[in-house]
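Peer 1: predicted structure and sequence below. I'll ask about it afterward.
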Amino acid sequence: MKKSFFIKNMSCTCCIKFLKLILNNKGFKIINIKLGYIEIEITKQHTEKLFTDTINAEGFSILESKDLITIEKIKHAVFELVYNMNNVNSIIRKSDYLIEKIGLSYQHMAKLFSKYEKTTLEKYIILQKINKAKQLIKTDEYTLSEIAYMMDYSSVQHLSTQFKKITGQSVTEFKDSVL
């Protein structure tokens with residue numbers, strides 16, 4: 001019997017690879033897997049309980065609440081926007097992208113996000129942008145101007161101001177500490 005689950009804490013493509021490895025080692029047949037979602041074959045040997053116990057042991061969990069599933073979908077959409085689409089978000093407003101991807105009004109998503117998370121949706125997006133900027137700085141492949149552009153900041157100064165506010169370090173201090 002096929003069964004699908006929404007999974008909490010699948011935050012990147014590494015999580016997909018990791019879960020595939022763990023579940024394949026346990027003999028589970030994976031039908032479909034993507035960020036926050038998995039469909040598997042449930043059998044007498046590979047039960048739902050064994051599946052749940054396996055993913056829980058690795059720091060993941062099954063989401064059953066509609067609201068919590070929506071929150072995870074929002075997080076994954078933000079991840080796609082920030083990590084996979086580079087500067088396309090300057091062409092498509094972040095709110096428009098999320099509305100199209102999730103199918104809810106931005107106001108509803110923001111209210112729901114704030115209700116269940118310890119931050120606002122806008123602050124979460126900024127945090128993800130800063131985390132991506134940190135990754136780009138660590139590679140030392142791009143100038144700060146290029147990184148600011150890629151992360152949809154109007155200037156290096158704007159990136160630097162938010163970077164310091166979020167991390168407590170200036171961009172230069174961070175760069176010096178990792179390079």
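Peer 2: Received, thanks.
Peer 1: only C-alpha atoms for contact and neighbour calcs from this point on.
Peer 2: Will do.
Peer 1: by contact count, what packs against the helix or strand that contains Phe113?
Peer 2: Applying DSSP states H and E as the criterion places Phe113 in helix 106-116. Here helix 106-116 touches helix 66-79, helix 94-102, helix 121-139, going by 3 or more CA pairs under 8 Å, 6 or more residues apart in numbering; DSSP states H and E.
Peer 1: can you state the direction angle for that helix and helix 94-102?
Peer 2: 80 degrees (axes from the mean of the first three to the mean of the last three CA atoms, to 10 degrees).
Peer 1: show me how far helix 106-116 is from its chain's centre.
Peer 2: 16 Å (CA atoms, centre = their mean, to the nearest Å).
Peer 1: contact partners of that helix?
Peer 2: Here helix 106-116 makes contact (CA atoms under 8 Å, 6 or more residues apart in numbering) with Asp67, Leu68, Ile71, Ile74, Ser95, Asp96, Leu98, Ile99, Thr119, Thr120, Leu121, Glu122.
Peer 1: now the most centrally placed residue in the chain: how far from Thr13?
Peer 2: Central residue of the chain (CA atoms, centre = their mean): Phe79, 3.8 Å from the mean position. Separation of Phe79 from Thr13 (CA to CA, to the nearest Å): 10 Å.
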